[in-house]
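*Asks:* Please find the sequence and the predicted model below.
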Amino acid sequence: MLYYLNERNVESMTYAEAFSKIKKKLEKADTKALNQDFAIQVTIKDEDAAGTFYVANINGEFSVEPYDYRDNSVAVDVTVTDFTKLIEGKLTSEKALSSGKIDAFGDAAALDFITGIVKPTPRKTAAKKETAKKTTAKKETPAKKTKRKTTAVKEEKTAAAAEAAPAAKSDEKPAKKSPAKNTDK
């Protein structure tokens, strides 16, 4: 199967795939704190994934659907990558607007409601956990060596004390020495 690769050498996706990816991320979002009504119409401007969907919070009901939303707070044109960065909080709406990564038509302040609404993918978190495990393992190693050294020192001291102490009495009587015979006659 032959895939078309765009200029960033990334596999292109269709609008349906892009929308599905974004919707899955937004379904995991913590929307309990959203107390403002808004409707954001998002037009994806990627060459192979062009299409429109909306993100809305109306009367406390959060929804993401693949339709136009004509009575919106703001309409934006954005790439899939930049929109994903926006909802994960890796890109602020102010920076996206000022750099031209997002073109907004309407109340751009409504973008702040979805900025950082989704927790980023845990790729960096896994790396931090591995680093923490390695650090913990390094900290435990000297303690083990110290314990081994302490045990070895105790054993040496015990052996030295055993050699220096008089022989222990046993139930057996020592063999009697026969008197030495005088051979000088």
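*Replies:* Thanks, I have it.
*Asks:* what's in contact with stretch 35-54?
*Replies:* The contact list for stretch 35-54 (C-beta atoms under 8 Å, 6 or more residues apart in numbering) reads 4, 6, 12-15, 17-19, 22-23, 55-60, 63-80, 83, 110-111, 113-114. (Each C-beta comes from the backbone N, C-alpha and C, glycine too.)
*Asks:* one more time with 7 Å, if that's ok
*Replies:* 12-15, 18-19, 55-59, 64-69, 71-80, 83, 110-111, 113-114 (C-beta atoms under 7 Å, 6 or more residues apart in numbering).
*Asks:* what's the answer for stretch 62-74, then?
*Replies:* With C-beta under 7 Å, 6+ apart as the criterion, stretch 62-74 contacts 19, 23, 26, 31, 34, 38-41, 52-56, 104-108, 110-111.
*Asks:* Any idea what D103 is bridged to?
*Replies:* Under DSSP bridges, the beta-bridge partners of D103 are D77.
*Asks:* Settle this for me: it is touching D77, isn't it.
*Replies:* Yes. Checked against C-beta atoms under 7 Å, the pair D103 and D77 is within contact range at 4.3 Å.
*Asks:* Correct me if wrong, but T84 is in a helix.
*Replies:* Yes. Using DSSP: H, G, I helix; E, B strand; the rest coil, the assignment for T84 is a helix.
*Asks:* In contact with it, which residues?
*Replies:* Contacts of T84 (C-beta under 7 Å, 6+ apart): 22, 25.
*Asks:* Please list only the buried members of the contacts of stretch 35-54.
*Replies:* For those, a burial check counting by 16 or more other C-beta atoms under 10 Å picks out 15, 18-19, 55-57, 64, 69, 72-80, 83, 110-111, 113-114.
*Asks:* All the strands of the chain, residue numbers only.
*Replies:* Using DSSP state E, the strands of the chain run over residues 38-44, 51-58, 61-65, 74-78, 103-106.
*Asks:* do you know how far K85 is from D37?
*Replies:* Look at K85 and D37: by C-beta to C-beta, to the nearest Å, they are 25 Å apart.
*Asks:* Low-confidence stretches in this structure?
*Replies:* The model of the chain has pLDDT under 70 over residues 1-11, 121-185.
*Asks:* switch the cut-off to 80
*Replies:* Low-confidence segments of the chain (pLDDT under 80): 1-11, 120-185.
*Asks:* Could I get the full set of helices for it?
*Replies:* 15-27, 80-88, 93-99, 123-164 (DSSP state H).
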